[in-house]
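**Student:** heads up, no residue letters with this:
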């Protein structure tokens, strides 16, 4: 029942530049067989980050994440046993990273693939976790209404480990390297700002030096002004959004990518 979080997708009108941003600042590497017309895929040696073009009628920002398992049939049987209404849907064959899409008890969408199944491409086939890197994705955060039920789903169906956690009401699940942080969505958290929909909230990176990341940011903006993320923490509402992000205990420095996705950085 071994499973791992193997990718996260960001929908963006500037998907190509957004992919370059993660390459330049965090040292993520592109696929050896890119598909630039469809998306820009980079990886940290373990997890793939897929910047996809925002399609009509869709929102920009964090879109979904993916889980890789040893046995698809066994996993789907576990999903149905947990809740028959959550059965996964088969994906189009052109997808290089997922055989199925599914939903958790709060209808958060995830992709589902099988390890070494043969059709995977891009960094999803190339990332095996064996290469040590200075900057890697450490966690993805999911803000959702029924956090405890969702945590039960990911531990029961996929075997993710529930970690000891601070008394903050959140759930921290691990695949052995990546953390899936599940945060209860509460309307009260959005006092003094426009409420955000439930769903993926931010991604986090573990780096060798936060101070070096700050210096690298300044260098990148000097080299290319398009490498600048969105302003963060400005105005009363911006300050409220930043303060909410700062509640994550897994990082200490905060920024956004080109699209405005919140990023939480820690050492």
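**Tutor:** Here it is on my side, so go on. It should be emphasised that the depicted structure is a prediction, and the values quoted were computed from it without experimental measurement.
**Student:** roughly how far does the closest residue to residue 184 other than its chain neighbours sit from residue 138?
**Tutor:** In this structure, residue 184 finds its nearest non-sequential neighbour in residue 147, 4.2 Å apart by CB to CB, 6 or more residues apart in numbering. Where you see a C-beta, it was placed from the backbone N, CA and C, and this is true even at glycine. For residue 147, the distance to residue 138 (CB to CB, to the nearest Å) stands at 20 Å.
**Student:** what about the residue nearest to residue 184, how many residues nearby?
**Tutor:** By other CB atoms under 10 Å, the residues close to residue 147 number 21.
**Student:** quick check, it in contact with residue 173.
**Tutor:** No. Applying CB atoms under 8 Å as the test, residue 147 and residue 173 come out as separate, 10.8 Å apart.
**Student:** mind listing the shared neighbours of those two?
**Tutor:** residue 182 (CB atoms under 8 Å, 6 or more residues apart in numbering).
**Student:** and residue 255, what does it touch?
**Tutor:** 217, 229, 232, 263, 265.
**Student:** my understanding was that the last one contacts residue 256; is that so?
**Tutor:** No. With contact taken as CB under 8 Å, residue 265 and residue 256 are classed as non-touching, separated by 11.4 Å.
**Student:** show me where this structure has its helices.
**Tutor:** Secondary structure of the chain, counting by DSSP state H: helices at 15-26, 72-82, 122-126, 147-158, 210-223, 235-245.
**Student:** ok, which of those comes nearest residue 91?
**Tutor:** helix 72-82 (11.6 Å; CB to CB).
**Student:** check the gap between the residue nearest to residue 184 and residue 104 for me.
**Tutor:** Residue 147 is 10 Å from residue 104, by CB to CB.
**Student:** now the common contact residues for the two.
**Tutor:** Common neighbours of residue 147 and residue 104, counting by CB under 8 Å, 6+ apart, are absent.
**Student:** so residue 223 versus residue 216, what's the distance?
**Tutor:** Counting by CB to CB - residue 223 and residue 216 are separated by 10 Å.
**Student:** looking at those two, which one has more neighbours?
**Tutor:** Per other CB under 10 Å, whichever of residue 223 and residue 216 has more neighbours is residue 216, with 17 against 10.
**Student:** ok, and the closest non-adjacent residue to the more buried one?
**Tutor:** Closest residue to residue 216 apart from its sequence neighbours, by CB to CB, 6+ apart: residue 25 at 6.0 Å.
**Student:** neighbours around that neighbour, how many?
**Tutor:** 22.
**Student:** residues in contact with stretch 142-155?
**Tutor:** 82-83, 86, 104-106, 108, 160-162, 169-171, 173, 180-185, 196, 198-201.
**Student:** actually stretch 131-140, not the one I wrote
**Tutor:** 5, 8, 26-28, 44-47, 49, 62, 65, 178-181, 200, 202-208, 213, 250-251, 264, 266.
**Student:** cutoff 6 Å now
**Tutor:** Residues outside stretch 131-140 that contact it (CB atoms under 6 Å, 6 or more residues apart in numbering) are 8, 26-27, 44-45, 47, 65, 179, 181, 203-208, 250.
**Student:** and what of stretch 75-83?
**Tutor:** By CB under 6 Å, 6+ apart, stretch 75-83 touches 69, 86-88, 156-157.
**Student:** of those, which count as buried by neighbour count?
**Tutor:** With burial judged by 16 or more other CB atoms under 10 Å, the buried subset of these is 69, 86, 88, 157.
**Student:** find the pair from the residues you listed with maximum spatial separation.
**Tutor:** 69 and 86 (15.0 Å).
**Student:** what about residue 154, how many residues close to it?
**Tutor:** 24.
**Student:** equivalent analysis for the one 10 residues further on, please.
**Tutor:** The tally of other residues near residue 164 (other CB under 10 Å) stands at 5.
**Student:** next: residue 176.
**Tutor:** 10.
**Student:** chain neighbours aside, what residue packs nearest to it?
**Tutor:** residue 4 (7.1 Å).
**Student:** tell me what the one you found is bridged to.
**Tutor:** residue 68 (DSSP bridges).
**Student:** in terms of contact, does it touch residue 67 like I think?
**Tutor:** No. Using CB atoms under 6 Å, residue 4 makes no contact with residue 67, being 7.1 Å away.
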